[in-house]
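1. Build the 3D model from these lines:
(3 chains)
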Amino acid sequence: MAIVRVERLSKSYLISEKQPGLAGSLKHLFARTNTSVRAVDNISFEIEAGEIVGFIGSNGAGKTTTLKMLCGLIHPTSGSISVSGYKPIHRKTAFLKNITLVMGQKQQLIWDLPALDSLHVNASVYGISDTDRDERIEELSAMLDLKDELNRPVRKLSLGERMKCELLASLIHRPSILFLDEPTLGLDINAQIRVREFLREYNKKYRSTVILTSHYMGDIKSLCKRIILINNGRIFYDGLLATLTKTYSSSSFISIELTKAVNPVLFKEFGEIIECDELLVRLLVPRSSLKETLFKLLNQMPIKDLEVNDPPTEQIIAKLLRSVSL
Amino acid sequence: MGRILPSSVNSIKRYFYIFRSLFISQYALMIEYRAEIVLWALSGILPLIMLTIWKEADISKEFGFNHKWLSSYFISAFIVRQFTAVWVMVIFEKDNIEGKLSPYLLQPINPFWRYYISHIAEQFIRIPFVFIMLLLLFVLEPSFFWSPSLIRIILAIIAIFSAFTLRFLIHWFFSMLCFWTDRASSIERLLMIPYLFLSGLVAPLEAFPPVIRFVALSTPFPYILSFPSKILSGQDVNIINGYLVMFIWMLIFLLLGRVAWKFGLRKYSGMGA
Amino acid sequence: MNLRFLSIIGVFWSKSILAEIEYRVNLIVEIFSVIGNLSGSILILSLFYSNGNNLGGWTWNASLTVLGVYTLLEGFTTCILQPNLSRIVSHIQQGTLDFILLKPFNSQLWVSFRIFSPWGLPSVVSGIILISIGIHSSNEVLSFNSFLICFLMLISSILILYSLWFVIASTSIWFVRVWNANEVLRSTLVAGRYPLSAYPDSLRRFFTFIIPIGFLTTVPAQAAMNSVSIGVILASCAFALLLLWISNRFWLFALRFYTSASS
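-> Residues are numbered from 1 along each chain as shown, chains lettered A, B, ... in the order given. Below you'll find the predicted structure:
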């Protein structure tokens, strides 16, 4: 059964335009020019319990707006949302105890105090008993690899450590639906990997549903089986990540190792050169002519090793986004 | 000698240009904050509240304060207070904490001038609002109106500007505490107290018992408010004496401020911030 | 439910006191500022009472009680209203209000009572002392009933102050710099240092109905002096409840415009 059900959801904002300066303000006072901007435009989808779904789109595509409507922070202009049987905007206690929101660029921890104090505040707000609380803190901090960091004032933690504490604070009530808005923003590569591993583990352990937006394809690739691509407030792909790679990539990716250096210009006739570094060449060739190209390459070039792959997901998605926004 | 003259003329010219461009940019910045400035102007109504109380109080007759005297005094105090508003401690502390001070220090002009000129720019923006408030007041209560002589107005403008500068110098001196503590702006709360009670803002100094009046007059606070107000309201006041004391206080705080600035900078660069 | 609420507030306050205690210099500054402000206020008040005169027909002790109530309210402002206001503004600007709205706890209570700053306590204590001195030296015997009434009037005056302040704080959903509006309110409330009858008629009406300074300080002081009528008591309670209700409605209304700052 679908735990999240969204039907024909739209959100438009009124934006009043103002010219700079005093004259602009005066004009603004008397004659406002309001324009309505559709941030989310008639989207529908369903998410099953236990799924990890990634929302992808460029800045301002409507990902965050959708996420915030799903957790009940923003009123939809039209359409209906049901999250585990509740209408999010009512923000019923039972609903709130069931979800959590983690935002990469905003933090809820008390700045001047150790993270443990913020955890205690959250635990009391969610009505968690002290023994349960300590048990959960212990369990989650083991999963997150947190130890003494919980006892240090938050302002003295690194960004990565802080994010881990944020995650702990957001999960102390064991929500079954996690909304994550760019959870790895600004983190270094190790911290990113750590956060991803944790989320995967958490999802497995508690069968929680995870809905996340991210700019890092790494997050999406390692976490999400299913992705939803959004552009200008509309969904233009909703399905498995693997399928996307198969259907939307009309090209293949060839990596060649050479026995001796070749003038890169000579590769131009085979396909698009992605990378060319003396003995290493990467090419993008149309799938339709893959066979002939491979044949020609093997015949004409001093090849030591050769590998054919699907092109990297980043490139497919970037290309797709470019093609739909045109 | 022939060489020194042109270069000093040049440096005066240079300063003039710097001040002019600083003023223009700060004025533009303050225009952005006009809504807040109006609210701040509105929040300076304390002298008017005190005016209504003093007018109703029986004691006023004993001191020989008639209604005309009280209204002209407190309305003048209201005007003087509007144009002697100083908030440098708060902003200096903020700049210090946010690390904005370092780039200012690299510029070939003492940051003092930046803050001083931004205060002056703000006051220019206040002028129309203060006039509107006064107009409203006089329309509602025509008996409050009085017209000081032209010479008094000129003397009052000079006194108000000097009072503002004196108050700014005092606050600047205490702002230097930011170099040593990270909550220096709470000192401003303390500085507010003698200003409130000893400057003549809530009661004319004539109403104080002699001892307290003497104490008040030996602080700089009455010169920040009471003295310019009396000039403007057309009351008896020893103008030369008042100006003299005011300038002595300005000199004292100018020197104190310079010394504190020097030591503060040493401390600042010592921290390696 | 109420017990749960109290225990949560208890956790909030103990955590915020922990955070504040790092800045101990504040205590000294606060004590000095309370002493300075009180002696200044008493000095000014004494001017009106020299040579057997009085202020609006109020005795010296009664006026002292008004000043006590004012000081008490100022302490309450420093303890709760002021520190939380700055947080509300930053929550709205930075969009961290999102976290609060998603907590299973009343958001108005959260944003208004999240922080407790201990630095207002010197004011609260000296306010109470001043009220006691006022009552004691006016030879007023405070029966249990009038004590209750006085307490009730203080509660409703705190509720009125809170509601006014909260409505202003809520407007930060539209206007960024509500600090300044709050400063206007604060500077007007200074009028509450003196009994209402010290003001001319027109202003008295303004201070009763528009900015209810009368209910804030004069009425609780009257209750302490045993000279408050049943009508005024009821009016004060009704006014407090009405304003509280309005503040809640207004907050919910304002939240509809909260778009949660993204990015």
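2. in the helix or strand that contains residue B:68, what's buried?
-> Assigned by DSSP states H and E, residue B:68 belongs to helix B:67-82. For helix B:67-82, a neighbour-count test (16 or more other C-beta atoms under 10 Å in any protein chain shown) marks B:69-82 as buried. (Each C-beta comes from the backbone N, C-alpha and C, glycine too.)
3. One more: stretch C:111-129?
-> Counting neighbours by 16+ other C-beta under 10 Å, stretch C:111-129 gives C:111-124, C:126-128 as buried.
4. Also stretch B:97-111?
-> Neighbour counts using 16+ other C-beta under 10 Å place B:101, B:111 of stretch B:97-111 among the buried residues.
5. Show residues contacting it.
-> B:18, B:94, B:95, B:114, B:182, B:261, B:265, B:268, B:273 (C-beta atoms under 8 Å, 6 or more residues apart in numbering or on different chains).
6. Where in the chain is the helix or strand with the lowest mean pLDDT?
-> Went with chain A since none was named. Ranking every helix and strand in chain A by mean pLDDT, DSSP states H and E puts helix A:21-30 at the bottom, with a mean of 57.
7. wrong one, I was asking about chain C
-> The helix or strand of chain C with the lowest confidence, counting by mean pLDDT, DSSP H and E, is helix C:179-189 at a mean of 82.
8. Using CSV, write out every CA atom in that one.
-> Extracted in CSV, the C-alpha atoms of helix C:179-189 (Å, rounded to 0.1, in the frame of the first residue of the first chain):
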residue,chain,number,x,y,z
TRP,C,179,13.0,44.8,16.6
ASN,C,180,12.2,48.4,15.9
ALA,C,181,8.5,48.0,16.2
ASN,C,182,9.1,46.3,19.5
GLU,C,183,11.2,49.2,20.6
VAL,C,184,8.3,51.6,19.9
LEU,C,185,6.1,49.4,22.2
ARG,C,186,8.7,49.3,24.8
SER,C,187,9.3,53.0,24.8
THR,C,188,5.5,53.6,25.1
LEU,C,189,5.3,51.2,28.0
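9. after that helix comes which helix or strand?
-> helix C:201-205.
10. contacting residues around that following helix?
-> For helix C:201-205, contacts defined as C-beta under 8 Å, 6+ apart pick out B:52, C:196, C:197, C:214.
11. who in chain B is up against chain A?
-> Proximity of chain B to chain A, by C-beta under 8 Å from any C-beta of the partner chain, involves residues residue B:31.
12. of the contacts of helix C:201-205, closest to chain A?
-> The shortest approach to chain A among the contacts of helix C:201-205 belongs to residue B:52, at 33.2 Å (C-beta to the nearest C-beta).
13. sorry, back to before: report the entries of the buried residues of stretch C:111-129 that also contact chain A.
-> With C-beta under 8 Å from any C-beta as the criterion, these include none near chain A.
14. Could you tell me which of those are located in helices?
-> Per DSSP state H, helices hold the following members of those: C:111, C:112, C:113, C:121, C:122, C:123, C:124, C:126, C:127, C:128.
15. In CSV, list those residues along with pLDDT and distance to chain B.
-> Formatted as CSV, these follow (pLDDT from 0 to 100; distance: C-beta to the nearest C-beta, whole Å):
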residue, pLDDT, distance to chain B
C:111, 93, 22
C:112, 93, 22
C:113, 92, 23
C:121, 93, 16
C:122, 93, 13
C:123, 94, 12
C:124, 95, 17
C:126, 95, 14
C:127, 95, 17
C:128, 95, 21
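16. Can you tell me the number of residues neighbouring the closest residue to residue C:132 other than its chain neighbours?
-> Among residues not flanking residue C:132 along the chain, residue C:68 sits closest, at 7.9 Å (C-beta to C-beta, 6 or more residues apart in numbering or on different chains). Neighbour count for residue C:68, taken as other C-beta atoms under 10 Å in any protein chain shown: 25.
17. do the same with residue C:168
-> 20.
18. and the gap between it and residue C:157?
-> In this structure, residue C:168 and residue C:157 are 17 Å apart, going by C-beta to C-beta, to the nearest Å.
19. same check, this time on residue A:118
-> 34 Å.
20. Now do the SS call for the residue in the stretch 101-250 of chain C that chain A sits nearest to.
-> Of all residues in the stretch 101-250 of chain C, residue C:104 sits closest to chain A, at 4.3 Å by C-beta to the nearest C-beta. Following DSSP: H, G, I helix; E, B strand; the rest coil, the label given to residue C:104 is coil.
21. confidence score at it?
-> With respect to pLDDT, residue C:104 scores 90.
22. same question, residue C:222
-> Looking at residue C:222, its pLDDT is 91.
23. which element is the residue nearest to residue C:132 on?
-> Using DSSP H and E, residue C:68 maps to helix C:60-76.
24. Likewise for residue A:178?
-> strand A:177-181.
25. Same question for residue A:36.
-> Counting by DSSP H and E, the element that carries residue A:36 is strand A:33-48.
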